[in-house]
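S.K.: Provided below for reference: sequence and predicted model.
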Amino acid sequence: MRGLMMDTPLLITSIMRHAQRNFADRELVSVTSDNPRHRYTYGECFQRAAQLANALARLNLKPGDRVGTLAWNDYRHLEIYYAAACSGLICHTINPRLFEEQLVYIINHAEDRVLLTDPLFIPLLEKLVDRIKGVEQFVVLSGQQELADCELPNVVTYEEFIRGEPEQFAWPDLDENTAAGLCYTSGTTGNPKGVLFSHRSSVLHAYAICLPDVMCLSARDAMLPVVPMFHVNAWGLPYACPMIGAKIVFPGAKMADGPTLHALFEEEAVTISAGVPTVWLVLLEHLRANDAVLTHLQRVVVGGAACPKSIMEEFQNRHSVWVHHAWGMTEMSPVGTYNTLKPGMEVFTDEERWQVRAKQGRGMYGVEMKITDDDDNELPWDGKAFGALKVRGPWVCSDYYRLEGESDAHDADGWFETGDVATIDAEGFMQITDRTKDVIKSGGEWISSIELENTAVGHPAIHEAAVIGVAHPKWLERPLLVAVKKPDAEVTKEEILEFMTGKVAKWWLPDDVLFVDELPHTATGKLNKRGLRQQLVDYRFE
Ligand code: ADP
C-alpha cells in the first residue's frame, strides 16, 4: 500500500521561495572586486536571481544547458546558483586555480554556453578564448567601468546584462531529479571528472548538514564560507543557509587574507565558518601577530584534508572556538562524516578527547559507510582494521558526467569507492589512514602514509612532509619520507627518525628521509603525491 502523502518534489526553487517568504530581510554581506563591503538581503538576492533568469532566457538556452562560473564567493555568484538551477539550467562552477589545459578541457567537456567570470580572470580567459569556442556569451561580474580593455568577444557586464529585466520569473515545475549543478574533481589521476548534482540531492544534503550533530545551523547564525563556491558548492552552504535563514558573509577573493577575514569575523559577528586547513593557518598567524582574539565566532568546520591538532588547539585555547573535523568529497556533495562528540565523552580526559576529535567523524544520516579488504570482505568497526572506504546514499554520485568508458568507481552493489583507506571505531567514528593509491604495502602489510606524515610534522623543525612508497628488493615497497624544513630550522635525518621512534610501529619507520625546498601541490592545495612519485622516479634506497 502506498502512503497517502504529497509527492512534493525536492527542488532548490523551494529553498529560494522559503527564504523569500521567511527571511526576506536577512542580510548577505560580500567583498567583491567593485565593493569592499556590499550588503543586501535575501529578498533582493532572489529578485535579482529572477532578473538573471530572464536575461539568460533571452539567450535561447535549452533546459539542461550549462552555465559556467569562474567566480569567488560573493552575492552575484549566489544569484547565478539560483537563477541557473531554478530555471532548469545547470550551474557549472569552475575552479580558476586549475591549470590552463584543465580549464580548457573542463569548459569544452561541459559544453558551457555562457561563462560568468570575475574581472580578475579576464586576462586568463583572454588567453584561452581561442580554445573554448563553444562559449557564446561572456558576462563579467562587475559594473560597466571595469570592461575598458577587455578583449573577450560577446562580453557584457553582469549589471548591464540583468538591467531592466523583470524581478519575477516563471520558475518551471521541475522533476526533483533534474540536474542542478556540475563540479569537476581536480583530477589528481587522469582528466577531471564531472559530478552532476540534482535538485533532490542538493536539498537533502542541505537538510543533513543543518542537523544539530552536524553543523547545527540556525537562523541565529552568521556563516562565513571560506571554502570556495567552486569547491563542491562551498560544501552545500549556499543551499543550507537560505534554507534556515542564516546570514551569509562572503569573503570574495580575500579568502586567504588574514586582515580581511579578521575584520569580517568581528564586524559582521560571524558565528560559524568553514574551510580547508591552510586558510586557518593564515588567519591564526595574523591574529597571533596582532594579539587579537575572535569574539563572536563559536565553531569552525575543517575538511578537505586532515586538520592538524595544532589548529584545533589554538582555536580552542586562544579564541574559545570549537573546531569540527569533517570529511567528504566532490562525489558526495561533499559532506559524509562530521565530528561531534557523543554522550559519555564529556568525561573523557583531554588526551582521550583529542584522539576522538582527530578522527574525521561519524557518518551522518543519509550516508552509509563500510570498509573492506582486498577481497571485498567487510572489515569490523573496531578502530584498528583499515580498508577501502565505500559509501552510498542519496547525495553520493551514481556515475560521472559524460564519462568516456566505464566508471570503475562503483562496485556491483552500487557502493561508491571513495579511494580512501580508513578505520571505523565501535562508536562509528571514521578515520582516514590513506588514499588507496598512496598506501604503502610493505611485505604485504599496509602502512599508513598519512600517519607517518602527521608524526613527522609534529617535529618542530618540519614545515611539511610527504611519505611515498618506493620499490624495495625484499619488502617490495618501503616508505620514503620527503620533508620541507621550516625557514632557518636545522635538523638531520637521524634526528627525525629518532623523533618518530616510539610514535609509530617500528617497522613503519621510513627507510630514508630526503629534505627538499618544496613539495608539489594540486590546484586545490593538496599534496600531489603522484607528482612527487614522478619527481622521484629514479630514486633507489641504498
Ligand atoms: P579533489 O581532491 O579532487 O579536490 P575532493 O575535494 O572531493 O577532491 O577531495 C576528496 C578527498 O579529500 C577525500 O577523498 C579525502 O582523501 C580528502 N579529504 C577530505 N576531507 C578530509 C579530511 N577531513 N581528512 C583527510 N582527508 C580528507
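M.R.: Ah, there it is.
S.K.: Give me the packing partners of the helix or strand containing Ile371, helices and strands only.
M.R.: Element membership of Ile371 [criterion: DSSP states H and E] is strand 368-372. Packing partners of strand 368-372 (3 or more C-beta pairs under 8 Å, 6 or more residues apart in numbering; DSSP states H and E): strand 387-392, strand 416-424. Every residue, glycine included, has its C-beta placed from N, CA and C.
S.K.: That strand: how far from the chain's middle?
M.R.: In terms of C-alpha atoms, centre = their mean, to the nearest Å, the centre of strand 368-372 is set 22 Å apart from its chain centre.
S.K.: What residues sit buried inside that strand?
M.R.: Met369, Lys370, Ile371, Thr372 (16 or more other C-beta atoms under 10 Å).
S.K.: if we can go back for a sec, ok, which of the helices and strands packed on strand 368-372 comes nearest the ligand?
M.R.: Closest of the helices and strands packed on strand 368-372 to the ligand is strand 416-424, at 4.7 Å (criterion: C-beta to the nearest ligand atom).
S.K.: Residues of the protein that sit close to the ligand?
M.R.: Proximity of the chain to the ligand (C-beta under 6 Å from any ligand atom) is limited to residues 185-186, 303-306, 325-327, 329-330, 334, 360, 418-420, 432, 435, 524, 526.
S.K.: For ChimeraX, write a command that selects the buried ones of those residues.
M.R.: Of those, the buried ones can be selected in ChimeraX as follows, counting by 16+ other C-beta under 10 Å:
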select :185,186,303,304,305,306,325,326,327,329,330,334,360,418,419,420,432,435,524
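S.K.: Just the residues of the chain next to the ligand: which are in strands?
M.R.: Counting by DSSP state E, those place His325, Ala326, Trp327, Thr418, Gly419, Asp420, Ile432, Arg435 in strands.
S.K.: ok, of those, which one's closest to Asn290?
M.R.: Comparing those against Asn290 with C-beta to C-beta places His325 closest, at 26.9 Å.
S.K.: what residues are up against that closest one?
M.R.: Taking C-beta atoms under 8 Å, 6 or more residues apart in numbering, we find His325 in contact with Val302, Gly303, Ala306, Cys307, Met312, Tyr338, Asn339, Arg357, Ala358, Lys359, Gln360, Gly361.
S.K.: Nearest to Tyr400 among these?
M.R.: Nearest to Tyr400 among the contacts of His325, with distances taken as C-beta to C-beta, is Gly303, at 21.8 Å.
S.K.: Correct me if wrong: the closest one contacts Gly328.
M.R.: Yes - using C-beta atoms under 8 Å, Gly303 is in contact with Gly328, at 6.3 Å.
S.K.: shared neighbours, the two?
M.R.: Trp235, Pro334, Val335.
S.K.: Distance to Arg76 and pLDDT added to these, as a markdown table?
M.R.: Below are those laid out as a markdown table (distance: C-beta to C-beta, whole Å; pLDDT from 0 to 100):
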| residue | distance to Arg76 | pLDDT |
| --- | --- | --- |
| Trp235 | 20 | 98 |
| Pro334 | 23 | 98 |
| Val335 | 25 | 98 |
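S.K.: Could you dump these into CSV with distance to Asn177 added?
M.R.: Converted to CSV, the shared contacts of Gly303 and Gly328 look like this (distance: C-beta to C-beta, whole Å):
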residue, distance to Asn177
Trp235, 22
Pro334, 19
Val335, 20
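S.K.: nearest to Ala292, of the residues you listed?
M.R.: Lowest distance from Ala292 to these (C-beta to C-beta) belongs to Trp235, with 26.4 Å.
S.K.: What count of nearby residues applies to the closest residue to that closest one other than its chain neighbours?
M.R.: Distance criterion C-beta to C-beta, 6 or more residues apart in numbering; nearest residue to Trp235, sequence neighbours excluded, is Val227 at 5.3 Å. By other C-beta atoms under 10 Å, the residues close to Val227 number 24.
S.K.: distance of Val227 from Arg362?
M.R.: 21 Å (C-beta to C-beta, to the nearest Å).
S.K.: Doesn't Gly469 belong to a strand?
M.R.: Yes - under DSSP: H, G, I helix; E, B strand; the rest coil, Gly469 sits within a strand.
S.K.: Pro36: neighbouring residues, count only.
M.R.: 12.
S.K.: Distance check, it against Val29.
M.R.: In terms of C-beta to C-beta, Pro36 sits 11 Å off from Val29.
S.K.: what's the answer for Glu346, then?
M.R.: Taken as C-beta to C-beta, the span from Glu346 to Val29 is 35 Å.
S.K.: Show me the contact partners of the longest helix along the chain.
M.R.: In the chain, assigned by DSSP state H, the helix with the most residues is helix 42-57. Residues lying outside helix 42-57 but in contact with it, judged by C-beta under 8 Å, 6+ apart, are 16, 19-20, 23-26, 28, 67, 75, 78-80, 82-84, 86-87, 89, 114, 161-162, 165-169, 171, 242, 245.
S.K.: quick one: average pLDDT of the helix or strand just after it?
M.R.: Next in sequence after helix 42-57, counting helices and strands by DSSP H and E, comes strand 66-70. Strand 66-70 carries an average pLDDT of 98.
S.K.: tell me what strand 66-70 is packed against?
M.R.: helix 75-86, strand 90-93, helix 100-110, strand 114-117.
S.K.: Could you rerun that using 6 Å?
M.R.: Here strand 66-70 touches strand 90-93, strand 114-117, going by 3 or more C-beta pairs under 6 Å, 6 or more residues apart in numbering; DSSP states H and E.
S.K.: what angle do that strand and helix 42-57 make?
M.R.: For strand 66-70 against helix 42-57, the angle by axes from the mean of the first three to the mean of the last three C-alpha atoms, to 10 degrees is 120 degrees.
S.K.: tell me the angle of strand 66-70 relative to helix 100-110?
M.R.: Using the same axes, to 10 degrees: strand 66-70 against helix 100-110 is 160 degrees.
S.K.: Centre of the chain to strand 66-70, how far?
M.R.: Taking C-alpha atoms, centre = their mean, one finds strand 66-70 lying 18 Å from the centre of the chain it belongs to.
S.K.: Who does the helix or strand where Ile248 lies pair with, and is each partner parallel or antiparallel?
M.R.: Secondary structure from DSSP H and E places Ile248 in strand 247-250. Within its sheet, strand 247-250 is paired with strand 27-32 (parallel), strand 222-225 (parallel), according to DSSP bridges.
S.K.: Would you tell me which of the ones you listed gets closest to Phe250?
M.R.: strand 27-32 (4.1 Å).
S.K.: mind listing the strands in the stretch 401-542 of the chain by residue range?
M.R.: Taking DSSP state E, counting those that start in this stretch as the criterion, the stretch 401-542 of the chain carries its strands at 416-424, 429-435, 440-442, 445-447, 462-472, 476-485, 512-515.
S.K.: Contacts for the fifth one next, please.
M.R.: When contacts are defined by C-beta atoms under 6 Å, 6 or more residues apart in numbering, strand 462-472 is touched by residues 440, 449, 452-453, 456-457, 477-484, 486, 519, 527, 529, 532-533.
S.K.: What subset of these is buried?
M.R.: If we count by 16+ other C-beta under 10 Å, the contacts of strand 462-472 have these buried: 440, 449, 452-453, 456-457, 477-484, 519, 527, 529, 532-533.
S.K.: and the least confident of the contacts of His325?
M.R.: Ranking the contacts of His325 by pLDDT, Ala306 lands last with 86.
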